[in-house]
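Asker: Let me see the structure of the following:
(chains A and B)
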There are 2 protein chains.
Amino acid sequence: MAVYTEVGADELEAFLAAYPVGRVLSFKGIAEGVENSNYYLHTEKGTFILTLFEKRVREEDLPFFVGLMEHLSGRGFPCPRPLAATGGRTLGRLAGKPCAVVTFLDGLSFRRPTPEHCRQLGAAMARMHEAAADFPMSRENTLGQKSWRALFAPSAPRANEVKAGIAELVQGELDALERDWPPGLPGGIVHADLFPDNVFFIGSALSGFIDFYFACTDFLAYDLAVALNAWCFEPDGMFNVTKARAFFAGYEGVRRLSADERAAMPILARGAALRFLLTRLHDWLHHDASAFVTPKDPLEYVGKLRFHRAAGGPAALGLG
Amino acid sequence: MAVYTEVGADELEAFLAAYPVGRVLSFKGIAEGVENSNYYLHTEKGTFILTLFEKRVREEDLPFFVGLMEHLSGRGFPCPRPLAATGGRTLGRLAGKPCAVVTFLDGLSFRRPTPEHCRQLGAAMARMHEAAADFPMSRENTLGQKSWRALFAPSAPRANEVKAGIAELVQGELDALERDWPPGLPGGIVHADLFPDNVFFIGSALSGFIDFYFACTDFLAYDLAVALNAWCFEPDGMFNVTKARAFFAGYEGVRRLSADERAAMPILARGAALRFLLTRLHDWLHHDASAFVTPKDPLEYVGKLRFHRAAGGPAALGLG
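Answerer: Prediction:
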């Protein structure tokens, strides 16, 4: 959860005068996302989310993020749609921060997804990959494989404070992943953070994706690897192959994976586990105690990484 | 701001099956109130606030708070209306906490109220006092004048760490207020916490009051004293008599103050300043650093208390 910046009613009303939303009826900080400040906004014309981009999001990346949501919603993909202010701009500035107003997306996120949720996630992810295929912008994955060694450096001296052996595990993985990372797979726009928090359902039907602020250009199969790790392990750390099979089947119902993509899934899943281990480790060791954010436990991803090191090929992941 | 308790989607849907709200469309923790966890809830039947009562609210007081909102909204006073579950009960239990579902009240709170806002606040407060006149329950003001000595005790040894002289100021006030507190004034149900946060406006029109979790039985004029302190001082600490005159005029347009109430306003305002000084001092010295709450500065109320000690009778407060 996070609400970092306070916005006064007068300031808000002056800002919104440039948007076609009518009179403000309600405005409240909400506990959603950890990178930005998000507000529920109800006006005469509907309900919206106002997002103030805090310092963890690079301002030069905002046109990509906002442009992507605009593109996807224009293709009928269910996600927040940025509103244009007078003159057509979708990025504004409020309380000294860059910001955007997007349509409010209904739905609930399930912390304990079922196989059916996983199937729908897969199908929706494939539709998102296809809808983004003609999006003209690109953004390097700043948390991609090439970044991991540098990402670990500030945590390395203290990694074993979190748990003995982490430093050695990570060093070994950095080497193995540098050596074995696939040289080329079908690429495109990936969400790169499709955790259950970011996928909404109404009743049993998927209603959309939110939080595109890690989206970037990478292997499409890497998006599956991130989500596989986030959706297909149980709270006790066990991998649930039924959920994984449902997830891949949902995806392949829309877009078939190539033989290379299937073969690469184990190493991609290992890399995706390392990426979240590294950012959580960093936040755990360096978090600002005054921020309204509880850092996530890096050990969850140590377990997932160890699973993938030991697993035996695509079939073990449900790609039979 | 505060969201303390996490509620899962499954748990929520099971709980809401007993309420006439239809299918859940959205559910988000919101940054509102500091005593409880509040969630925005959108369903097929409308928008609501779900409140989980955290440990600072005594469970035995909940029927009073919820009954009061039910009574006031039944009298047409604009405030959240508690929803009854199957069987008629308005108090439930979710995630191990007592809770209530109330209608969502539109509106924005203004941190810098204008004299016109103050006038409307006064009028609405008087209407609330009248609408509550036949509410059959009562609740002692657990933060009323008789409680202040005991409230100060845990802070007394460290009060001067916050600012030199606070301990002596408070000791003197405890004695003076015990001696001079009026023995009897018209009593009834008071909100007792009508800060700008708890009063909503749509455009320039007051849309209602929220957060009745300090409401109690006390002198009606004490409610005015609390709000006078919260609404009629400028950020630089200066008392704004124009706002105070507008506030009292708004109140008296609905309910006339008696001569005794007018005469007592200076001492009530002094007491109300001490009450918020004491709770802020306590929270400042004893707050839990892990809670998502920044304690409010007690010095703001030291300044207000000093103003009231020096002020010269009701006319100086705008009761000319």
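Asker: Nearest the geometric middle of chain A, what residue?
Answerer: The residue lying closest to the centre of chain A (C-alpha atoms, centre = their mean) is A:Asp193, at 1.9 Å.
Asker: my guess is that residue contacts A:Phe214, does it?
Answerer: Yes. At 4.1 Å, A:Asp193 and A:Phe214 qualify as touching, with contact defined as C-beta atoms under 8 Å. C-betas here are computed from N, CA, C, even on glycine.
Asker: re earlier: ok, the residue nearest to the centre of chain A to A:Met238 distance?
Answerer: A:Asp193 is 23 Å from A:Met238, where distance means C-beta to C-beta, to the nearest Å.
Asker: ok so, going back, so what's in contact with A:Asp193 and A:Phe214 at the same time?
Answerer: Listed contacts common to A:Asp193 and A:Phe214 are nil; contacts here mean C-beta atoms under 8 Å, 6 or more residues apart in numbering or on different chains.
Asker: What residues of the longest helix seen in chain A count as buried?
Answerer: When chain A is parsed with DSSP state H, its longest helix is helix A:259-286. Of the residues in helix A:259-286, A:261-285 count as buried by neighbour count, 16 or more other C-beta atoms under 10 Å in any protein chain shown.
Asker: Downstream of it, the next helix or strand is which one?
Answerer: helix A:299-310 (DSSP states H and E).
Asker: Output the set of residues of chain A in proximity to chain B.
Answerer: A:1, A:3, A:8-10, A:12, A:23-32, A:40, A:42, A:47, A:104, A:106-112, A:201-203, A:289, A:292 (C-beta under 8 Å from any C-beta of the partner chain).
Asker: For these, which ChimeraX command selects only the ones that are buried?
Answerer: The ChimeraX selection below is limited to those of those classed as buried (16+ other C-beta under 10 Å):
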select /A:1,3,9,12,24,25,26,27,28,29,30,31,32,40,42,47,104,106,107,108,109,110,201,202,292
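Asker: Which of the residues of chain A next to chain B fall in strands?
Answerer: Among the residues of chain A next to chain B, DSSP state E puts A:Val24, A:Leu25, A:Ser26, A:Phe27, A:Lys28, A:Gly29, A:Ile30, A:Tyr40, A:His42, A:Thr47, A:Phe201, A:Ile202 in strands.
Asker: out of those residues, which one sits closest to A:Leu177?
Answerer: Minimum distance to A:Leu177 across those is 33.2 Å, recorded for A:Phe201 (C-beta to C-beta).
Asker: residue contacts, that closest one?
Answerer: Neighbours of A:Phe201 in contact, by C-beta under 8 Å, 6+ apart: A:Gly107, A:Leu108, A:Ser109, A:Phe110, A:His117, A:Gln120, A:Ser207, B:Ala9.
Asker: Ok, A:Leu185 next?
Answerer: A:Leu185 is in contact with A:Phe219, A:Leu220, A:Ala221, A:Ser258, A:Asp260, A:Glu261, A:Ala264, counting by C-beta under 8 Å, 6+ apart.
Asker: What of A:Phe212?
Answerer: By C-beta under 8 Å, 6+ apart, the neighbours of A:Phe212 are A:Phe65, A:Leu68, A:Met69, A:Cys79, A:His191.
Asker: repeat for A:Val170
Answerer: Contacts here follow C-beta under 8 Å, 6+ apart; on that basis A:Val170 touches A:Phe152, A:Ala156, A:Ala159, A:Leu274, A:Leu277, A:Leu278, A:Leu281.
Asker: And for A:Leu228?
Answerer: By C-beta under 8 Å, 6+ apart, A:Leu228 lies in contact with A:Ala244, A:Phe247, A:Met265, A:Ala269, A:Ala272, A:Leu317.
Asker: That one - that's part of a helix, no?
Answerer: Yes. Secondary structure of A:Leu228 (DSSP: H, G, I helix; E, B strand; the rest coil): part of a helix.
Asker: Nearest residue to A:Gln145 in space, please, no chain neighbours.
Answerer: A:Trp181 (5.0 Å; C-beta to C-beta, 6 or more residues apart in numbering or on different chains).
Asker: and that neighbour, what is it in contact with?
Answerer: A:Gln145, A:Ile267, A:Gly271.
Asker: domains in chain A, as residue ranges please.
Answerer: A:9-103, A:115-317 (automatic domain parsing).
Asker: Pipe these into a markdown table and attach distance to B:Gly253 and mean pLDDT per row.
Answerer: Converted to a markdown table, those look like this (distance: least, C-beta to C-beta, whole Å; pLDDT from 0 to 100):
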| stretch | distance to B:Gly253 | mean pLDDT |
| --- | --- | --- |
| domain A:9-103 | 25 | 93 |
| domain A:115-317 | 42 | 94 |
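Asker: Which among these is found nearest to B:Met128?
Answerer: domain A:9-103 (20.8 Å).
Asker: Return the distance of that closest one from the chain's centre.
Answerer: Centroid separation between domain A:9-103 and its chain, computed with C-alpha atoms, centre = their mean, to the nearest Å, is 18 Å.
Asker: Now the terminal residues of that domain, how far apart.
Answerer: 20 Å (C-alpha to C-alpha, to the nearest Å).
Asker: which residues touch the residue lying closest to A:Arg309 once chain neighbours are set aside?
Answerer: Leaving aside its sequence neighbours, A:Arg309 sits nearest to A:Arg270 (C-beta to C-beta, 6+ apart; 6.5 Å). Counting by C-beta under 8 Å, 6+ apart, A:Arg270 makes contact with A:Glu173, A:Ala176, A:Leu177, A:Leu305, A:His308, A:Arg309.
Asker: just A:Leu285 next, same as before
Answerer: Contacts of A:Leu285 (C-beta under 8 Å, 6+ apart): A:Pro154, A:Ser155, A:Arg158, A:Ala159, A:Glu161, A:Val162.
Asker: Using the three-state scheme, assign the third one.
Answerer: Which is A:Arg158. From three-state DSSP, the assignment for A:Arg158 is helix.
Asker: out of everything not next to it in sequence, what's closest to it?
Answerer: A:Leu285 (5.3 Å).
Asker: Kindly report the same for the second one.
Answerer: Residue nearest to A:Ser155 in three dimensions, not counting chain neighbours: A:Leu281, with 4.8 Å by C-beta to C-beta, 6+ apart.
Asker: I figured that neighbour hits A:Ile166, correct?
Answerer: Yes. Counting by C-beta under 8 Å, A:Ile166 is a contact partner of A:Leu281 at 7.2 Å.
Asker: what touches both of those two?
Answerer: Common contacts of A:Leu281 and A:Ile166, defined by C-beta under 8 Å, 6+ apart, comprise A:Ala159, A:Pro298.
Asker: Please report the distance of A:Ser73 from chain B.
Answerer: In this view, A:Ser73 and chain B are 18 Å apart by C-beta to the nearest C-beta, to the nearest Å.
Asker: On the C-terminal side of the host helix or strand of that residue, identify the next helix or strand.
Answerer: Applying DSSP H and E as the criterion places A:Ser73 in helix A:62-74. Using DSSP H and E, the helix or strand that follows helix A:62-74 in sequence is strand A:92-94.
Asker: Quick check: buried residues in that next one?
Answerer: Residues of strand A:92-94 classed as buried by neighbour count (16+ other C-beta under 10 Å): A:Gly92, A:Leu94.
Asker: Can you tell me which helices and strands that strand packs against?
Answerer: Using 3 or more C-beta pairs under 8 Å, 6 or more residues apart in numbering or on different chains; DSSP states H and E, the elements in contact with strand A:92-94 are helix A:9-16, strand A:97-103.
Asker: What residues does the closest residue in space to A:Phe195 that isn't next to it in sequence make contact with?
Answerer: With C-beta to C-beta, 6+ apart as the criterion, A:Phe195 has its nearest non-adjacent residue at 4.4 Å, and that residue is A:Ala230. For A:Ala230, the contacting residues are A:Leu194, A:Phe195, A:Pro196, by C-beta under 8 Å, 6+ apart.
Asker: Could you do A:Val7 as well?
Answerer: A:Phe27, A:Tyr39, A:Leu50, A:Leu52, A:Leu94, A:Ala95.
Asker: With distance to B:Leu299 as added columns, please give those residues in TSV.
Answerer: Shown next, in TSV, are the contacts of A:Val7 (distance: C-beta to C-beta, whole Å):
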residue	distance to B:Leu299
A:Phe27	29
A:Tyr39	29
A:Leu50	32
A:Leu52	29
A:Leu94	29
A:Ala95	25
